[in-house]
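Undergrad: my questions are about this predicted structure, shown below with the sequence.
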Amino acid sequence: MTGIVNYGAGNIHSVFTAVKTCGEEPFVIEKAADLKKAAIVILPGVGAFADGMKSLTESGIIEPLITGIKEGKPFLGICLGLQLLFSHSEEGSCGGFGLIKGGVKKFSFADRAFRIPHMGWNRVKISSPGETLFKNIPDCEYFYFAHSYYPAPENRRVIIGETFYGNEFVSAVRRENIAGVQFHPEKSGDSGILFLKNFLEGKWLR
């Protein structure tokens, strides 16, 4: 079963609906005990890094969630859910999960043509040829974004997608059983649904 974590960081309805469109029957994870039922976990979210960590900690979900990921449970982080995978963020003073080394940086542009937050459709350049998570998705396909911060992993080998907005930033990562995207697949039309299907089918795991 696919569990979608609800920790008060945005409306998870669109993610729930998108997973159902992929032919799965998801359920909502709201407490630690719910994690035991989930064969796959999706962590969506929007908003502040520190607030997300606080909500997950107070719910009692964070420790068993990290343990499950370390034990090999397939995991997808979306937007804030991706950023929380990292060690730290320029947004707030608390640490993240620390499952991917690196930090989260805030956009800063001298050119006023690039507004913050970065919102709307933008291209994702596939950085890893043959990446199964992007199977049947064209290179430089459009996906939907809504964010002011972006991940900066220390190890570039985890990067599978990059996007240009003022500068090139990391928009998709994968390490072992962990996947994360800065874009919102649930709001990205057919290509977003295809990305979710590729994730849920699990052929990307190795």
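TA: It's in. Just so we're clear, the structure is a prediction, and the values are computed from it rather than from any experiment.
Undergrad: now do the buried residues in the helix-or-strand element of the chain with minimal mean pLDDT.
TA: The least trusted helix or strand in the chain, going by mean pLDDT, DSSP states H and E, turns out to be helix 49-59, with a mean of 93. Counting neighbours by 16 or more other Cβ atoms under 10 Å, one finds that the buried residues in helix 49-59 are 49, 51-56, 59. (Glycine included, C-beta is placed from N, CA and C.)
Undergrad: can you add distance to L65 and give these back as TSV?
TA: Shown next, in TSV, are these (distance: Cβ to Cβ, whole Å):
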residue	distance to L65
F49	16
D51	17
G52	12
M53	12
K54	14
S55	12
L56	7
S59	10
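Undergrad: ok, back up a step: can I get the least confident helix or strand of the chain as CSV, trimmed to CA atoms?
TA: Provided in CSV are the C-alpha atoms of helix 49-59 (Å, rounded to 0.1, in the frame of the first residue of the first chain):
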residue,chain,number,x,y,z
PHE,A,49,11.4,23.9,6.3
ALA,A,50,11.5,24.4,10.1
ASP,A,51,7.7,24.2,10.3
GLY,A,52,7.7,21.0,8.4
MET,A,53,10.3,19.4,10.7
LYS,A,54,8.4,20.7,13.8
SER,A,55,5.1,19.1,12.6
LEU,A,56,6.7,15.8,11.8
THR,A,57,8.5,15.7,15.1
GLU,A,58,5.4,16.6,17.1
SER,A,59,3.3,13.9,15.3
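Undergrad: and the contacts of that helix?
TA: Contacts to helix 49-59, defined as Cβ atoms under 8 Å, 6 or more residues apart in numbering, come from residues 5, 7-9, 30-32, 45, 62, 65, 80, 83-84, 89, 91-96, 104, 149.
Undergrad: and the biggest helix by length in the chain, what does it pack against?
TA: The residue-count maximum for a helix in the chain (DSSP state H) belongs to helix 189-201. With contacts defined as 3 or more Cβ pairs under 8 Å, 6 or more residues apart in numbering; DSSP states H and E, the packing partners of helix 189-201 are helix 13-21, strand 141-147.
Undergrad: P74 and E58: what is the separation?
TA: Here the criterion is Cβ to Cβ, to the nearest Å. By it, P74 lies 25 Å from E58.
Undergrad: for I42, what are its contacts?
TA: Per Cβ under 8 Å, 6+ apart, neighbours of I42: 2-5, 15, 19, 26, 75-78, 81.
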